[in-house]
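1. Need the 3D shape of this:
(2 chains)
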Amino acid sequence: MDDSKFEQMKAEYNSHIFRKFGFIILCIAFMIVMIAISVNIGGYQISFMEVYRTIFDHILGVVPEEYSKEWYDYQIVWNNRLPRILFAILSGIGLAVSGATMQSVMKNPLAEPYTTGVSSGACFGVAISMALGVSLFPSLNMGAEAFIMALIPVAIIIIMSPKLNNSVATVILIGTALTYMFNAFSTFLLVTTDSETLAAIYKWQVGSFSNITWDRLAIIAIFVIAGTIIIEILSHKLNIMTLGDNAAQSLGINVRRIRILCLLVMAIMVACIVSYAGIIGFVGLICPHMIRLIIGSDNRFLIPAASAFGAAFLLFSDSCAKWLSSLDMVPVGAICGLIGAPLFLFILMHNRRNIW
Amino acid sequence: MVNINESIADYRRRENAPKSYIGVVLLAIVLVFILSLPASEIDINLFEALRIIYDHIMGVEPSNYHDMIRHRIVVEQNIPRAIGAICAGGVLSIGGAVLQNLIRNPLADPYTLGISSGALFGMVISLALGISIIPFIDQMDSRILNAFLFALIPTGIIVFLSSFKKVSPTMMILIGIAVMYIFNAFNTIIKYTTDDETISQIYQWTVGSVSGLSWGSIPKLVFALVMIYIAMYWIRNEIDIVAQGDHGAMTLGVNPYRLRIIALVFVSLATAIIVCYTGTIGFVGLVAPHIARRYFGSKCRLLIPGSAVIGALMVLLSDYIIRLITPNLPVGVVLALVCSPIFIVILVRMKRNEW
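-> Sure thing, here's the model as predicted:
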């Protein structure tokens, strides 16, 4: 092969990679801008400069006098708005990354994080404690209980997996069957309960980022970031697995073990998010597809791009929800659908790539 | 060459064995149907129920109050309810089987097209906001009509967009899902802002139930079942060909894009009819085809009738169980509770893999 052709190919390849990095950087930049805007959105009016001064003061260690105006500002900005923003970002990362992984691992474009039954397990936990007033784990709060219940369907899948045949479709169908079963349990409770409790559980289900504190946020951050890093480390193996199970096995990859590992990491990540934020749809299913349409299905880039895009997207949606109604009357999941679905259709119709 | 005759006979036997399974399931349906005739809160035995039906056919009017109540329960509640259950199960599972084959995805079911959320949106705006698309009809009718019309919108959008661009089957479904999210967003916002009582009402509808069916709605449900069965059975060979891949289908002279659109339109029409009367009965559309695949294979010639009878039996049986235990439980709950363990067992024991 002559040199000039080689150089040309190299340049082409570089520009290809550069495009992908460019997309990720663009998403991160957008996210940072959104953080800056989002701290200003809220029911309580604080002037633009005041917000940043409060944050800097806190970082520099200046403690405002108690019950002064600065103190209230500080409480709202530092203990209400910032955790919510960070929570939205973390949820975006967690959901989009697990959605992308789930689709790659299960080789199914309709797979999403909730296909494993995480959401229905969590919902069942909440339904039990709210409708029956019984706590399965009395020492824990409702979030922790939802977290444990969320992991039960995945645990069942993992326990059963040695007995299954080698097909991914079986795993995913068992996940779906478990989802339906746990949903049926909670529906059974919901139908028999009074309409007030039903409305309360419904409102939990719809999801919101508003009830979050710094110490819970820390736990979620640890799980989500660790999970994302693990999946990114595995990403080249996921790429090989798209060749098919047999090919991957002959290249020395233990397909079954990687699948279980991914399932476990995803489940913990999503369970964390769901148990405090409720069930937020869309991000886990459609966002990975948008990114696939834009930068392709290479998992090494897909995972970071999904985390950046998911974070930016969910933060943007949550900011819109906050801006529309400061009393949390507009659920963030609805905004996701309203903004995201037309965007997805637009990207789909303006794209040559056929990804699945 | 004796062997050829033997192997032909062997082949015939294997081809025809599943047909007898269909007969068995059909018998089971008839049996459950008869058993479910007297099932209600009032104690009626089977012979009494049969006599009531016989009297009804012969035109004998019930003479006293005691008979009249029984007559009403058996003839005007239980029979339409059972027929409705059979129709709903049949339509949803045929739709699921066809879509799974055409999209080549085991997770597809009729609701993946966005039908349920569209129907729910029509329902919700009628119930919560009092909006009716076609004015001057009473509230119940407007709810059903709204649900029906909105249920068709996602499919309309899929058909509209795929007329501009040749989208892959998965992208088709994803368009449906995207539209579903838009409707769901509106549903959520409306539900979120409405009062607790309405939420509870909407919720009942979401879960799906056949308990409210009357004779008036039965012709439409039966029509939906007959329509989807005939239409899908008509194009069964083409579906099989497309299921093997678009390129192969094109060389064999089948246009996969057109076939998919045709199938999509029929499935969503039939499903929309079912959904607007029964609400969204989940699970059966996804699971019945998979159970059918286990016994009948993935070829549409047997898969379509097979999933129809299995789906019908599932819904009918669940509804029967409900009537035996407590009348107010939605059928979707029992369906998932009873059938998902069975489904999991079947999946675990499955050696051969259809996907």
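2. ok and the residue in the stretch 1-150 of chain A nearest chain B?
-> A:Leu110 (4.2 Å; C-beta to the nearest C-beta). No exception for glycine: its C-beta is placed from N, CA and C like everyone else's.
3. Which residues of the stretch 251-356 of chain A lie near chain B?
-> A:281-282, A:285-286, A:289, A:329-331, A:333-338, A:340-342, A:344-345, A:348-349, A:354, A:356 (C-beta under 8 Å from any C-beta of the partner chain).
4. Got the phi and psi for the residue of the stretch 1-150 of chain A closest to chain B?
-> In terms of degrees, to the nearest 10, the main-chain angles of A:Leu110 are phi -90, psi 0.
5. now B:Phe164
-> phi -80, psi -30.
6. Check it and give its pLDDT.
-> pLDDT, B:Phe164: 82.
7. Pull up the per-residue confidence for the closest residue to it other than its chain neighbours.
-> Nearest non-adjacent residue to B:Phe164, counting by C-beta to C-beta, 6 or more residues apart in numbering or on different chains: A:Met349, 6.8 Å away. pLDDT for A:Met349: 84.
8. dump the residue contacts of A:Gly117.
-> A:153-154, A:156-157, A:175-176, A:178-179, A:182 (C-beta atoms under 8 Å, 6 or more residues apart in numbering or on different chains).
9. so how far is A:Gly121 from the closest residue to it other than its chain neighbours?
-> Nearest non-adjacent residue to A:Gly117, counting by C-beta to C-beta, 6+ apart: A:Pro153, 2.9 Å away. The gap separating A:Pro153 from A:Gly121 is 5 Å, by C-beta to C-beta, to the nearest Å.
10. quick one, which of those two is more surrounded?
-> Between A:Pro153 and A:Gly121, A:Gly121 has the larger neighbour count (other C-beta atoms under 10 Å in any protein chain shown), namely 33 against 26.
11. Report the contact partners of that one.
-> A:Gly121 neighbours (C-beta under 8 Å, 6+ apart): A:149-154, A:182, A:271.
12. and the helix or strand where it lies, how far out from the chain's middle?
-> Per DSSP states H and E: A:Gly121 is located in helix A:118-127. Remark: helix A:118-127 is offset 17 Å from the chain centroid, using C-alpha atoms, centre = their mean, to the nearest Å.
13. Now do the buried residues in the next helix or strand after that helix.
-> Counting by DSSP H and E, the next helix or strand C-terminal to helix A:118-127 is helix A:142-160. Judged by neighbour count (16 or more other C-beta atoms under 10 Å in any protein chain shown), helix A:142-160 contains these buried residues: A:143-154, A:156-158, A:160.
14. Could you list the residues of the stretch 1-150 of chain A in contact with chain B?
-> So the stretch 1-150 of chain A meets chain B at A:108-111, A:115 (C-beta under 8 Å from any C-beta).
15. most neighbours, which of those residues?
-> Neighbour max across the residues of the stretch 1-150 of chain A next to chain B (other C-beta under 10 Å) = A:Ala111, 28 neighbours.
16. List the contacts of it.
-> Shown in contact with A:Ala111 (C-beta under 8 Å, 6+ apart): A:99, A:102-103, A:172, B:107.
17. can you give me phi and psi for it?
-> According to degrees, to the nearest 10, A:Ala111 has phi -80, psi 150.
18. Mutual contacts of A:Pro153 and A:Gly121, please.
-> By C-beta under 8 Å, 6+ apart, the residues touching both A:Pro153 and A:Gly121 are A:Phe182.
19. that older thread, any chance of the contacts of A:Ala111 in a markdown table, with neighbour count, distance to B:Tyr11 and pLDDT too?
-> Output for the contacts of A:Ala111, formatted as a markdown table (neighbours: other C-beta atoms under 10 Å in any protein chain shown; distance: C-beta to C-beta, whole Å; pLDDT from 0 to 100):
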| residue | neighbour count | distance to B:Tyr11 | pLDDT |
| --- | --- | --- | --- |
| A:Gly99 | 28 | 45 | 94 |
| A:Met102 | 26 | 41 | 92 |
| A:Gln103 | 24 | 40 | 91 |
| A:Ile172 | 24 | 33 | 88 |
| B:Leu107 | 22 | 33 | 89 |
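20. Longest helix in the chain, please.
-> Here I'm looking at chain A. helix A:3-38 (DSSP state H).
21. Sorry, I should have been clearer: chain B.
-> helix B:2-36.
22. Much appreciated, bye for now.
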